[in-house]
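Asker: Can you look at this prediction? I've put the sequence above it.
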Amino acid sequence: MGKTELAKALADYLFDDEKALVRIDMSEYGEKFAVSRLIGAPPGYVGYEQGGQLTEAVRRRPYSVILLDEVEKAHPEVFDLLLQVLDDGRLTDGQGRTVDFRNTIVVLTSNLGSQFLVDEGLSWPDKVTAVNAEVRRAFKPEFVNRLDDIVVFSTLSSEDLGQIVEITVDRLSTRLSERRLDLAVTPAARLWLADKGFDSLYGARPLRRLMQKEIDDRLAKALLSGEIHDGDTVRVDLASDASGLTVQPFSVE
């Protein structure tokens, strides 16, 4: 869990900019014709001047992290295309231009073998072995052999979730400080976010939507209604019935 966030952090660390991340959802490339969307249609076809979603992104930003999310859902011909990138570090787009990938880092994520990671009857080495075997069954040997490494992520622990909540709250606090708003989130609210923001299948991804609903949206309404003003301290707490969060102003004495 945390594969996508790792790619974001990698882009920020290497290129000092999260925008250096090029994310492509490979579940949208499950059809044969999807190859042309990655490299662009050839001249004479509709939309050829727009370029490919992959090649054009790298052509415009050659120093970047390429995140191919849920790569196992892509059409087999897409993998034949990716072999060129992983082998030669270049790719020819639909207009015949060679796009240089040598200054990029390609990260492929997959949920293959995730059922083994939640199997409490398996030791960690056995889980890793089972996941790697699943990956090698799903992809051609020539494709797997071009990968520098296969990294297996463990499921998130309660401590991990707590840290993710802390990071997410800190980011929100930084954003609010631009409006001279201080944020105070109670321990009870943090625990509730960690519990409700986790999904066994999607990891901590629901946390962002949960915080948007429970904190951002409530805060926006309070600002619009005049209940909260610039310069206030915003207190986020667990509701009395534990069904959600409350967002209210309070003065610090």
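Answerer: Yep, that arrived.
Asker: tell me what the longest helix along the chain is packed against?
Answerer: Counting by DSSP state H, the longest helix found in the chain is helix 158-177. Judged by 3 or more CB pairs under 8 Å, 6 or more residues apart in numbering; DSSP states H and E, the packing partners of helix 158-177 are strand 182-185, helix 187-196, helix 205-211. Using the backbone N, CA and C atoms, a C-beta is placed for each residue, glycine as well.
Asker: out of those, nearest to residue 12?
Answerer: helix 205-211 (16.9 Å; CB to CB).
Asker: packing partners for that closest one?
Answerer: When contacts are defined as 3+ CB pairs under 8 Å, 6+ apart, helix 205-211 packs onto helix 158-177, helix 187-196.
Asker: Give me the buried positions along the first one.
Answerer: Neighbour-count burial for helix 158-177, with 16 or more other CB atoms under 10 Å as criterion, is recorded at 160, 161, 164, 165, 168, 169, 172, 176.
Asker: so can I have TSV of the helices and strands packed on helix 158-177 showing distance to residue 112?
Answerer: Shown next, in TSV, are the helices and strands packed on helix 158-177 (distance: least, CB to CB, whole Å):
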stretch	distance to residue 112
strand 182-185	36
helix 187-196	27
helix 205-211	18
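Asker: Between those, which one is closest to residue 89.
Answerer: helix 205-211 (31.2 Å).
Asker: ok, then the element right after that closest one?
Answerer: Using DSSP states H and E, the helix or strand that follows helix 205-211 in sequence is helix 217-225.
Asker: quick one: which of the helices and strands packed on helix 158-177 has the weakest pLDDT on average?
Answerer: Mean pLDDT values for these show the minimum at helix 205-211, a mean of 86.
Asker: would you put the C-alpha positions of that helix in CSV?
Answerer: Output in CSV follows, covering the C-alpha atoms of helix 205-211 (Å, rounded to 0.1, in the frame of the first residue of the first chain):
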residue,chain,number,x,y,z
ARG,A,205,-6.9,6.3,-0.8
PRO,A,206,-10.4,6.9,0.7
LEU,A,207,-8.8,9.1,3.3
ARG,A,208,-8.5,12.0,0.9
ARG,A,209,-12.1,11.9,0.0
LEU,A,210,-13.2,11.5,3.6
MET,A,211,-11.2,14.6,4.6
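Asker: tell me which residues in that helix are buried?
Answerer: Using 16+ other CB under 10 Å as the test for burial, helix 205-211 gives 205, 207, 210, 211.
Asker: hmm, back to that, looking at the helices and strands packed on helix 158-177, which is nearest to residue 6?
Answerer: Set against residue 6 and scored by CB to CB, the helices and strands packed on helix 158-177 come closest in helix 205-211, at 13.4 Å.
Asker: ok, residue 173 to residue 103 distance?
Answerer: To residue 103, residue 173 is 35 Å away according to CB to CB, to the nearest Å.
Asker: Contacts only, for residue 214.
Answerer: Contacts here follow CB atoms under 8 Å, 6 or more residues apart in numbering; on that basis residue 214 touches 193, 244, 245, 247.
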